[in-house]
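[1] Kindly generate the corresponding structure for this input.
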Amino acid sequence: MPQPKGKSGNYNGKPKGTLNRSTKELRTMLTAAFEGEIENIPNTLKKLEPEKRLEILSKFIGFILPKPIEVQESTTESIQPPNVTFVSVDMSLPKV
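    Coordinates of the predicted model:
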């Protein structure tokens, strides 16, 4: 008899962040392909024309530096200036 709708019978399920098999295999293949090439990148870039070098570096920059996030103020209340009371040397409050 099948499970009721919305119930799988596997309460543990797939752990969060677990890669599926094809993603894991693809990542392994790409790692193997690029493993020896990392050291060659600077020499390869030096051989390119400056325009092409800049184009390639601009594509890589997104993987090296974090993307900037625009900061927006989310409060709607206005900021009040602090209330300062001066006390005389004899520690009595001034007369208003």
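[2] Okay, the residue nearest the centre of the chain and residue 74: tell me how far apart.
    Closest to where the C-alpha atoms of the chain average out (CA atoms, centre = their mean) is residue 66, at 6.3 Å. Separation of residue 66 from residue 74 (CB to CB, to the nearest Å): 21 Å. (Each C-beta comes from the backbone N, C-alpha and C, glycine too.)
[3] Leaving out sequence neighbours, find the closest residue to residue 53.
    residue 45 (5.3 Å; CB to CB, 6 or more residues apart in numbering).
[4] Now do whichever strand or helix holds the one you found, average pLDDT.
    Here residue 45 is covered by helix 41-47, with elements defined by DSSP states H and E. The average pLDDT for helix 41-47 rounds to 90.
[5] do the same with stretch 72-82
    Average pLDDT, stretch 72-82: 79.
[6] Give me the residues contacting that stretch.
    By CB atoms under 8 Å, 6 or more residues apart in numbering, no residue outside stretch 72-82 reaches it.
[7] what's the span of it, first residue to last?
    Stretch 72-82 has its terminal residues 24 Å apart, counting by CA to CA, to the nearest Å.
[8] What segments of the protein are helices?
    21-34, 41-47, 50-64 (DSSP state H).
[9] Would you mark the buried spots in stretch 71-90?
    By neighbour count on 16 or more other CB atoms under 10 Å, the buried set for stretch 71-90 is empty.
[10] ok, back up a step: in a markdown table, list the helices of the chain along with distance to residue 78 and mean neighbour count.
    Converted to a markdown table, the helices of the chain look like this (distance: least, CB to CB, whole Å; neighbours: other CB atoms under 10 Å):
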| stretch | distance to residue 78 | mean neighbour count |
| --- | --- | --- |
| helix 21-34 | 50 | 10 |
| helix 41-47 | 52 | 10 |
| helix 50-64 | 39 | 10 |
